[in-house]
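# Next comes the sequence, and after it the predicted model I'd like to discuss.
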Amino acid sequence: MKNRLASDEQTRELEPFSFTHTLTEPLTAFATRGRNDAGKSSVLEMILWAVRGVADVAVDVRAWTRHVLVALRVGEDDVLVAWTITGQEPAGLIITLPDSYDIDWAALDEQALKQMREDADGDPQTEAWDDALNAVLAAGGVINARFSDAGTFQNAVSAFMSERLGFERLDVFRKNNNASDNADGGMVTHSWPLWSQALVIPKKTITTTLGSDPATAAFVMETYLGTTWGAGQSCRTRPVDEPGRGDRERASGISTRR
């Protein structure tokens, strides 16, 4: 539900919206002509939120958004990640869909828009999100995890993806900035959010293309291409006192359907 400036440029008005799209293979592109800020990045960030458990969703977009459902193929399973957003915080669940179960996205989109219009009019009656989840569960869907905020969302996605795809946690020692000696630091745990960074080419304003920061690039290289590749790339690109950076990729078995 967008809260935007009205045409009189003095008052605010609510604009109901709903968006549904099925990604195509081998490539799906979002583009606009003669208009910026149409929501292309927001759509991709919502998808990444479902896949990675973390995403750079803008504050205003979180405020506008009520419900999100993203269907994925993870290995051999079809999975639905569904959540609501209230007060900037997500809450929802991860469901393994029954075999050969197809969500009627067009009907869901129509019902969701109807619900948003009812909310804008102050007369909510339709429950599109709840109805969709109830239909999935009634057909035999299995709840794998529930989450109630951003932290538990990340943990739920990380645990689910790591178990299905065979990724492990990595505990490493990291020195503090401006460390006084080699012992000045602490242990840091890396898991699915780091490994899944290889699925993303971030915005051009972000300096680190792979890994959450320059120090983690070699770890991701080692995970996807092997230890010697990671070490070699780290040595090849590293200035005297800067950790290595690397490029790496791996077929993850994930395909996004929405």
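Yep, it's here.
# In the stretch 151-258 of the chain, where is pLDDT below threshold?
199-215, 217-219, 221-258 (pLDDT under 70).
# Excluding residues flanking it in the chain, which one is nearest residue 31?
What sits nearest to residue 31 in space, not counting adjacent residues and going by Cβ to Cβ, 6 or more residues apart in numbering, is residue 40, at 7.2 Å. Backbone N, C-alpha and C define where each C-beta goes, glycine included.
# For residue 34, see how far away that neighbour is.
Separation of residue 40 from residue 34 (Cβ to Cβ, to the nearest Å) stands at 14 Å.
# From residue 150, how far out is residue 91?
Counting by Cβ to Cβ - residue 91 and residue 150 are separated by 10 Å.
# try residue 47
17 Å.
# Where does pLDDT dip in the stretch 1-150 of the chain?
Low-confidence segments of the stretch 1-150 of the chain (pLDDT under 70): 1-14, 35-38.
# ranges for the strands of it?
2-5, 12-15, 67-74, 77-86, 89-96, 142-147 (DSSP state E, counting those that start in this stretch).
# can you give me the angle the third one makes with strand 89-96?
Looking back up the chat, that one is strand 67-74. Orientation check (axes from the mean of the first three to the mean of the last three Cα atoms, to 10 degrees): strand 67-74 against strand 89-96 gives 40 degrees.
# what's stretch 51-59 in contact with?
With Cβ atoms under 8 Å, 6 or more residues apart in numbering as the test, stretch 51-59 has contacts from 42, 45-46, 48-49, 70, 72, 88, 150, 153-158, 161, 192-193, 196-197, 199-200, 254, 256.
# Go again with 6 Å.
Applying Cβ atoms under 6 Å, 6 or more residues apart in numbering, the contact partners of stretch 51-59 are 45, 48, 49, 153, 154, 157, 158, 193, 196.
# Who wins on neighbours among the residues you listed?
The most crowded member of the contacts of stretch 51-59 is residue 153, carrying 25 neighbours; neighbours defined as other Cβ atoms under 10 Å.
# Which elements pack onto whichever strand or helix holds that one?
Here residue 153 sits within helix 150-165, counting by DSSP states H and E. Applying 3 or more Cβ pairs under 6 Å, 6 or more residues apart in numbering; DSSP states H and E, one finds that helix 150-165 contacts strand 89-96, strand 142-147, helix 192-195.
# Alright, I will stop here.
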